[in-house]
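A.B. asks: Fold the following and give me the result.
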Amino acid sequence: MKKVKLPNRPFGPFPTMLVGVDVNGKPNYVTIGACGVVSLENVLYISLKNTHHSTLGVKENGYFSVNIPSADMVQKTDYCGVVSGKTVDKSMLFTSFYDDLGKAPMIKECPMNLLCKVINSVPMFGFEMFFGEIVAVYGNEECLSAGKLDPLKVNPMIMMGSSYFSLGQVVGQVFKEGVEFKKTQNE
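C.D. replies: Numbering: from 1, shown residues only. Okay, here's the model as predicted:
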């Protein structure tokens with residue numbers, strides 16, 4: 001197998017998320033792919049450009065929401081990354097709801113929502129990385145199987161290159177496939 005050297009740029013896959021914040025008392029949403037877990041603790045990070053309208057809202061309120069859109073929400077999700085809340089009112093695109101713990105809107109239409117309280121931030125290359133403690137999690141009832149969120153029912157989008165992709169199928173179980181493989185090794 002021959003390897004080909006490619007440009008030094010992130011290619012993905014990245015989870016597609018809609019970040020919700022209140023800016024000047026109004027819900028605003030922005031599409032990001034720079035989001036993930038930090039450790040085994042209940043902490044997520046998001047990364048927003050310093051110039052984003054939403055960055056102001058996170059700094060003002062100390063809260064943000066991470067909303068996982070399903071693949072059928074691709075047009076509205078992409079739209080939230082194309083237009084700025086400085087010039088377009090994106091609050092009317094979705095049904096917003098709030099948890100009583102925080103000041104960040106969540107999207108009812110998204111299968112999963114996480115409310116985060118900012119615990120730290122780091123400026124980096126014109127972006128602000130916000131670390132948020134997860135203080136509340138919501139899931140749409142129809143996306144549950146045996147009381148747990150079912151990723152195939154959530155049907156999240158993944159960004160890779162210049163395209164969005166949905167999940168196709170389960171290919172293995174976390175911490176089970178490696179255990180099975182380990183049994184075949186002569187250790």
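A.B. asks: So what's the gap between the least confident helix or strand in the chain by mean pLDDT and the chain middle?
C.D. replies: Within the chain, no helix or strand scores below helix 177-184, which has a mean of 84 by mean pLDDT, DSSP states H and E. Between the centre of helix 177-184 and the centre of its chain there are 31 Å (C-alpha atoms, centre = their mean, to the nearest Å).
A.B. asks: Over to stretch 103-120?
C.D. replies: Its chain's average C-alpha position is 9 Å from that of stretch 103-120, according to C-alpha atoms, centre = their mean.
A.B. asks: in that stretch, what's buried?
C.D. replies: By neighbour count on 16 or more other C-beta atoms under 10 Å, the buried set for stretch 103-120 is 103-107, 109-118. Glycine gets a C-beta too; all of them are placed from N, C-alpha and C.
A.B. asks: ok, now stretch 153-162?
C.D. replies: Using 16+ other C-beta under 10 Å as the test for burial, stretch 153-162 gives 154-159.
A.B. asks: got it, and stretch 51-66?
C.D. replies: Across stretch 51-66, burial judged by 16+ other C-beta under 10 Å covers 52-58, 61-66.
A.B. asks: Now tell me what touches it from outside.
C.D. replies: Residues outside stretch 51-66 that contact it (C-beta atoms under 8 Å, 6 or more residues apart in numbering) are 17-24, 28-30, 35, 44, 46, 48-49, 84-86, 102-107, 113-118, 126, 128, 130, 132.
A.B. asks: I'd say Pro27 and Pro105 touch.
C.D. replies: Yes - under the criterion of C-beta atoms under 8 Å, Pro27 makes contact with Pro105 at 3.7 Å.
A.B. asks: which residues do the two both contact?
C.D. replies: Listed contacts common to Pro27 and Pro105 are 20-21, 91, 96; contacts here mean C-beta under 8 Å, 6+ apart.
A.B. asks: and of the residues you listed, the nearest to Val74?
C.D. replies: Nearest to Val74 among the shared contacts of Pro27 and Pro105 is Gly20, at 17.8 Å by C-beta to C-beta.
A.B. asks: what's the distance between Phe97 and Lys49?
C.D. replies: Noted for Phe97: a distance of 26 Å to Lys49, by C-beta to C-beta, to the nearest Å.
A.B. asks: how about low-confidence regions in the protein?
C.D. replies: The model of the chain has pLDDT under 70 over residues 187.
A.B. asks: Please enumerate the strands of it.
C.D. replies: 14-15, 17-23, 26-32, 35-37, 43-49, 63-68, 96-97, 106-107, 112-124, 127-139, 144-145, 148-149, 157-160, 163-166 (DSSP state E).
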